[in-house]
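[1] Let's see this in three dimensions:
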Amino acid sequence: MLNRHHFGFQALWLILLLMSPLAHAGTDCAAVTEIPSTECEILIELYNNTGGTNWRHNAGWNVTDMPCSWYGVECSGGHISRLSLSSNQLTGSIPTELGNLSNLKELWLYGNELTGSIPRELGNLSVLIDLGLSLNDLTGSIPTELGNLTNLNFLYLSSNQLTGSIPSELGKLTNLSEIYLSDNQLTGSIPTELGKLTDLWALYLSSNELTGSIPSELGKLTNLSEIYLSSNQLTGSIPSELGNLNDLEELYLSDNQLAGSIPSQLGNLSNLWELWLDNNELCGEIPVELENLSSLDFLRLDNNHLTASDPELVAWLDEHNPGWDTTQTACPIATLQFSSTTYNVIETDRQATIIVTRVGGNNGAISANYATTSDGTATAGNDYTQTTGTLSWADGDWAEKTFTIAITNDGHFEGSETFTIILTDSGESLDNATITIYDDYATFVILTDFTATATEFDNAEFNLWRATGEGWKHGDYSTVIRVTEQVIVAQSNSGVYSYRANPIGYAPTRTHHGSCRSNPLWLPFFCACIKGLPLQKTMY
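    Residues are numbered from 1 along each chain as shown. Got it, this is the predicted structure:
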C-alpha cells in the first residue's frame, strides 16, 4: 500500500511538472503579439546562433511568447528598440538577420566571445544610435556599409581582430560622438574624412598598424576631448592644427614614428591634462609655449631627439617629466628617398608618377636633384623623355612630393624595358629606383599555374619552350627558356600530350592546342615576359 501511494505521488508531480512553464516547448513566434513575428524569429536566430542556452543570463529567451520581457530586450511602438547582451557569454557569429530590425536604436554585444565578421547588413539599421561590439574576437574588415548609419552616436569596435583600413565612409556619420577602434589590426592611413565629424568627442585608434601622417583635418574637430593614436606606425609631423582643439584634455601620440618638431601651437591647449609624445622621432627645441599648459598633469617626452635651453622651461619639464633629458639622442640626419625601389607603367599611361619622401630628423630645409639615367633596356627619346629637376622641403615640411616622367606610346611590341632614376644631393647619391615600361596591349599578371596542351602528329619527340618577347619569330632565341626538364617522348602519330608547369605568379589556366611537327615545339601563347614581378602576359 505504501508503494502504491508513493507511485501515485510521483505521477501527480510529473503531471504538475508538465503543466508548469518550465516545460514550455519553446517560443511560438506566430503567437507573439508584442512585436512582428519576423522580429521574434530574428531573436530566436540570435539565441540559437550564439549559444543561447549557455548565456550567463537568458531569462525568458525561447521560453515565453513575450519577447519584450526577455533579458536584454526592450521594445517601443510594437518593435524591438534595444538589445543589450554585453558580457553575457555569447559565442558564434553575429546573425546577418539583425540587419532587418529596422527600428533598433541600440545594439550592445561587447565583452563576449563572438567570432566571424561584422555583418554588412547592420548598415541597414537606419535609426541605430549605439553600436557596441568591442571586446570580442571579430575578424575581417569594417564594413563600408556602416557609413549608412547617419544617426549613430557611439561606435565601439575596439579590442577585436579587425583588419583592413578604416573606411572613409565613416566620415558621413556626422552625429558621431565617440569612435573606439583601438586594439585591432587595422592598416592604412587615417581617413581625412574623419575631419567632417564636428560633433566628435573621443577618437580612439591606438594599438593598430596605421601608417601615414596625422590628418591636419582633425584640427577642425573643436569638440574633441580625447585623441588616442598611440602604438601605430604613424609618420610625418604633428599637425600644428591640433592647437585649435580648445576642449582637448588627452592627447596620446606615443610609440609611433612621428618626426619634426613639437608645434608651439600645442601650448594653446589650456584644458590639456595628458600629453604623451614619447617613443617617436621628434627632434629639435621643445617650444617654451608648453609652459602655458596650466592644466597638465601627465607629460611624456622620453626617447625622442629633443632639447631645451630656456632655464624656466627646463625646470618646468623636470617637474612634469623627470629624467626626460636622459633619454634623448641626437637628431638623425634627414634624407630623401623614393617611395618605392620599383615603379611599373604601361605605355598608354603616357607618364610615370614618382613619389619622394622625407625621412630622418628635422634638420631644417632640405632638397635633392632627380634625374633619369640610361641604365637599362629603355632608350631616352624613344621610350621615355629624359627628365631632371629639383625637389625642396622647407623646415618642418614632411609632405610627399612628386614628379612625372613622360612615357612614349610607340605602339610596338618590344617586351618590358627598364630605366633608372636617381636622387642626389651635392653629387652624393641618396637613392635610386627602377622603372619598367610595359607594352600598351599588355596586362600585369602573376602566374601561379599554367597548363598548355599540344597535339603531336609526326610521332617525334619534342621539348616545350617559353619565350620573352617575340624575338624568336625573327631567329633571336636569346630569351628563350626551356620549360621541360626532359624530352617528351612521342606516344603515337597523333598522340595528345599535356605538360603542367608551375611558374611563380598567377594567370588563369588555359589550354593551347597546336601541331608539333618539329623539335623544339614553339607555343605562341608561351611568348610572355616572365622575368621578375609583376609579370607581363601578351594578349592575343
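[2] Tell me the secondary structure at Glu241.
    Here Glu241 is helix, with the state taken from DSSP: H, G, I helix; E, B strand; the rest coil.
[3] give the contact list for the residue nearest to His79 when sequence neighbours are not counted.
    Nearest in space to His79, with sequence neighbours left out and distances taken as Cβ to Cβ, 6 or more residues apart in numbering, is Asn103 at 3.7 Å. Every residue, glycine included, has its C-beta placed from N, CA and C. When contacts are counted by Cβ atoms under 8 Å, 6 or more residues apart in numbering, Asn103 is found next to 76-77, 79-81, 127.
[4] Which helix or which strand is home to Asn103?
    Counting by DSSP states H and E, no helix or strand carries Asn103.
[5] Torsion angles phi and psi at it?
    Main-chain dihedrals, Asn103, degrees, to the nearest 10: phi -110, psi 10.
[6] Output the contacts of Asn103 as TSV; include the columns distance to Asn223.
    Formatted as TSV, the contacts of Asn103 follow (distance: Cβ to Cβ, whole Å):
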residue	distance to Asn223
Ser76	29
Gly77	32
His79	32
Ile80	31
Ser81	27
Val127	23
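[7] Out of these, which end up buried?
    79-81 (16 or more other Cβ atoms under 10 Å).
[8] ok so, going back, between the contacts of Asn103, which sits nearest Leu109?
    Ile80 (14.0 Å; Cβ to Cβ).
[9] Confirm that that closest one lies within a strand, as I assumed.
    Yes - counting by three-state DSSP, Ile80 is located in a strand.
[10] show me what contacts it?
    35, 39, 42-43, 67-68, 73-74, 101, 103-104.
[11] Go through those residues and flag which are in helices.
    Counting by DSSP state H, these place 39, 42-43 in helices.
[12] Let's have those residues in CSV, adding neighbour count.
    Formatted as CSV, the ones in helices among the contacts of Ile80 follow (neighbours: other Cβ atoms under 10 Å):
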residue, neighbour count
Glu39, 23
Ile42, 24
Leu43, 26
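[13] which one of these sits closest to Gly396?
    Ile42 (54.9 Å).
[14] And what about the residue nearest to the closest one when sequence neighbours are not counted, helix, strand or coil?
    Leaving aside its sequence neighbours, Ile42 sits nearest to Glu97 (Cβ to Cβ, 6+ apart; 4.6 Å). Taken by three-state DSSP, the conformation at Glu97 corresponds to helix.
[15] Count the residues that sit near Glu97.
    By the criterion of other Cβ atoms under 10 Å, Glu97 has 18 neighbours.
[16] so which strand or helix has Val345?
    strand 342-346.
[17] ok, that strand: who's next to it in the sheet?
    strand 428-438 (parallel) (DSSP bridges).
[18] Next, the buried residues of the strand it pairs with.
    430-431, 433-438.
[19] Out of those residues, which one has the weakest pLDDT?
    Ranked by pLDDT, the buried residues of strand 428-438 bottom out at Tyr438 (79).
[20] just checking, that residue touches Asp349?
    No - between Tyr438 and Asp349 there is no contact under Cβ atoms under 8 Å: 9.3 Å.
[21] for the stretch 301-450 of the chain, which spans come out with low pLDDT?
    361-363, 411-414, 440-450 (pLDDT under 70).
[22] pretty sure Ser213 is touching Ser237, no?
    Yes - using Cβ under 8 Å, Ser213 is in contact with Ser237, at 7.4 Å.
[23] which ones are touching the nearest residue to Leu221 once chain neighbours are set aside?
    With sequence-adjacent residues excluded and distances taken as Cβ to Cβ, 6+ apart, Leu221 is closest to Leu200, at 5.1 Å. Residues near Leu200 by Cβ under 8 Å, 6+ apart: 176-179, 194, 221, 223-224.
[24] circling back to that earlier point, neighbour-wise, which of Ser213 and Ser237 wins?
    Ser237 (22 against 18).
[25] returning to that earlier point: element containing the residue nearest to Leu221, please.
    Counting by DSSP H and E, Leu200 is part of no helix or strand.
[26] picking up where we left off before, common neighbours of Ser213 and Ser237, please.
    Trp398.
[27] quick one: the closest residue to Ala330 other than its chain neighbours from Gln328, how far?
    Nearest non-adjacent residue to Ala330, counting by Cβ to Cβ, 6+ apart: His305, 6.3 Å away. Distance, His305 to Gln328, by Cβ to Cβ, to the nearest Å: 6 Å.
[28] what's the answer for Ser81, then?
    Counting by Cβ to Cβ, the separation of Ser81 from Gln328 is 55 Å.
[29] I'd like the buried residues of strand 428-438 laid out as a markdown table, including distance to Gln233.
    Listed next are the buried residues of strand 428-438 as a markdown table, based on distance: Cβ to Cβ, whole Å:
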| residue | distance to Gln233 |
| --- | --- |
| Leu430 | 23 |
| Asp431 | 20 |
| Ala433 | 22 |
| Thr434 | 26 |
| Ile435 | 27 |
| Thr436 | 28 |
| Ile437 | 32 |
| Tyr438 | 32 |
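[30] Determine which two of those residues are furthest apart.
    Longest span within these, Cβ to Cβ: Leu430 and Tyr438, 27.3 Å.
[31] Tell me what the nearest residue to Pro36 once chain neighbours are set aside is bridged to.
    The shortest distance from Pro36 to any non-neighbouring residue, by Cβ to Cβ, 6+ apart, is to His79 (7.3 Å). As for beta bridges, His79 partners with Ser76 under DSSP bridges.
[32] what residues are up against His79?
    By Cβ under 8 Å, 6+ apart, the neighbours of His79 are 35-36, 39, 101-103.
[33] mind checking how far it is from Gly364?
    His79 is 63 Å from Gly364, by Cβ to Cβ.
[34] Kindly report the same for Asp318.
    28 Å.
[35] what's the answer for Leu149, then?
    Distance from Leu149 to Gly364, by Cβ to Cβ: 46 Å.
[36] out of the two, which sits in the more crowded spot?
    Leu149 (24 against 11).
[37] wait, isn't the more buried one in contact with Leu125?
    Yes - between Leu149 and Leu125 there is a contact under Cβ under 8 Å: 6.4 Å.
[38] what touches both of those two?
    By Cβ under 8 Å, 6+ apart, no residue touches both Leu149 and Leu125.
[39] Going by neighbour count, which residues in stretch 158-176 are buried?
    Here stretch 158-176 shows 158-160, 162, 165-167, 169-173, 175-176 as buried, counting by 16+ other Cβ under 10 Å.
[40] mind listing what Lys220 touches?
    Neighbour list for Lys220: 195, 198, 241, 244 [criterion: Cβ under 8 Å, 6+ apart].
[41] Near the last one, how many other residues are there?
    Residues contacting Asn244 under the criterion other Cβ under 10 Å number 18.
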